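Enquirer: I'll drop the sequence and a predicted model, then ask my questions.
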Amino acid sequence: TNASITSNQAIAPDGTQTADLIIANSTDQPRLERGISSTTATSTVSWFVKKYNARYVGIAQFNSNSTQPNVIFDLDNGSVIRVESNTTQSIIPLANGWYKISMSYSHFATDSNNIFKLTISNGSTAFTASNIGDGVYCWGSNYIDLAYDTSYIPALSNQAVTRTVDFCHIGSGLQNILNT
């Protein structure tokens, strides 16, 4: 949708050559999008992204109501630069210039046509790119009916996937702080 996708153009966060390059074909809403069906009042969507030549990327939700939650992230300095509507968001730096970006948002009971989008942004609106040819690498979107982000769950088909256990290791430095 107003963007071209070229598969397997970069090394993904998992070390495989599976990250796709998304390039704006228009300045009007260049994006990837996915329809969702939510069973809860709050949902979270996340993507792994890396700068190709576009500085800004957004996450947006389209629905049948007038509220369109969206967030814009700056891939040059790893920050959130614009937030609209009832959202919480995060940008987490990873190795080799990758970020995990996420947005949690509340649904209305009357929402229909729920679509979440990864957009190439101009920095002032999530729905407009600066130039045709602006692009980002992306890999591994995740949608979950929770008010917070979780670890990535690869789903290579439309089959339900069961989450494995997430572990947290507390290093000795943090353990020393916790024990004081």
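Expert: Yep, it's here. Numbers count the residues shown, from 1 in each chain.
Enquirer: from here on, contacts and neighbour counts on C-alpha atoms
Expert: Fine.
Enquirer: got the residue ranges for the strands in this structure?
Expert: 3-10, 19-24, 31-35, 42-51, 56-62, 70-74, 79-84, 87-93, 98-106, 115-121, 135-144 (DSSP state E).
Enquirer: For residue 129, find the nearest of the ones you listed.
Expert: strand 115-121 (4.4 Å; CA to CA).
Enquirer: so what's residue 91 up against?
Expert: Contact analysis of residue 91 by CA atoms under 8 Å, 6 or more residues apart in numbering lists 73, 78, 79, 80, 99, 100, 101, 102.
Enquirer: Residue 74 is in contact with residue 56, isn't it?
Expert: Yes - using CA atoms under 8 Å, residue 74 makes contact with residue 56 at a distance of 4.8 Å.
Enquirer: so what's the residue lying closest to residue 105 once chain neighbours are set aside up against?
Expert: If the residues on either side of it in the chain are set aside, residue 105 comes closest to residue 87, at 4.6 Å by CA to CA, 6 or more residues apart in numbering. Residue 87 makes contact with 69, 70, 103, 104, 105, 106 under the criterion CA under 8 Å, 6+ apart.
Enquirer: what's across from the spatially closest residue to residue 59 that is not a sequence neighbour in the sheet?
Expert: Counting by CA to CA, 6+ apart, residue 118 is the residue found nearest to residue 59 once chain neighbours are left out, at 4.9 Å. Judged by DSSP bridges, the bridge partners of residue 118 are residue 32, residue 59.
Enquirer: Look up how far residue 2 lies from residue 118.
Expert: Per CA to CA, to the nearest Å, residue 118 is found 12 Å from residue 2.
Enquirer: Of these two, give the one with the bigger neighbour count.
Expert: Counted by other CA atoms under 10 Å, residue 118 and residue 2 do not tie: residue 118 has more neighbours, with 28 against 14.
Enquirer: Find the least confident helix or strand in the protein, judged by mean pLDDT.
Expert: Ranked by mean pLDDT, DSSP states H and E, the helix or strand of the chain with the weakest confidence is helix 172-178, at a mean of 49.
Enquirer: circling back: put together TSV for the strands of the chain, with distance to residue 127 and mean pLDDT on each row.
Expert: Below are the strands of the chain laid out as TSV (distance: least, CA to CA, whole Å; pLDDT from 0 to 100):
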stretch	distance to residue 127	mean pLDDT
strand 3-10	12	93
strand 19-24	11	94
strand 31-35	8	65
strand 42-51	17	88
strand 56-62	8	84
strand 70-74	9	91
strand 79-84	12	86
strand 87-93	17	90
strand 98-106	16	88
strand 115-121	6	83
strand 135-144	14	82
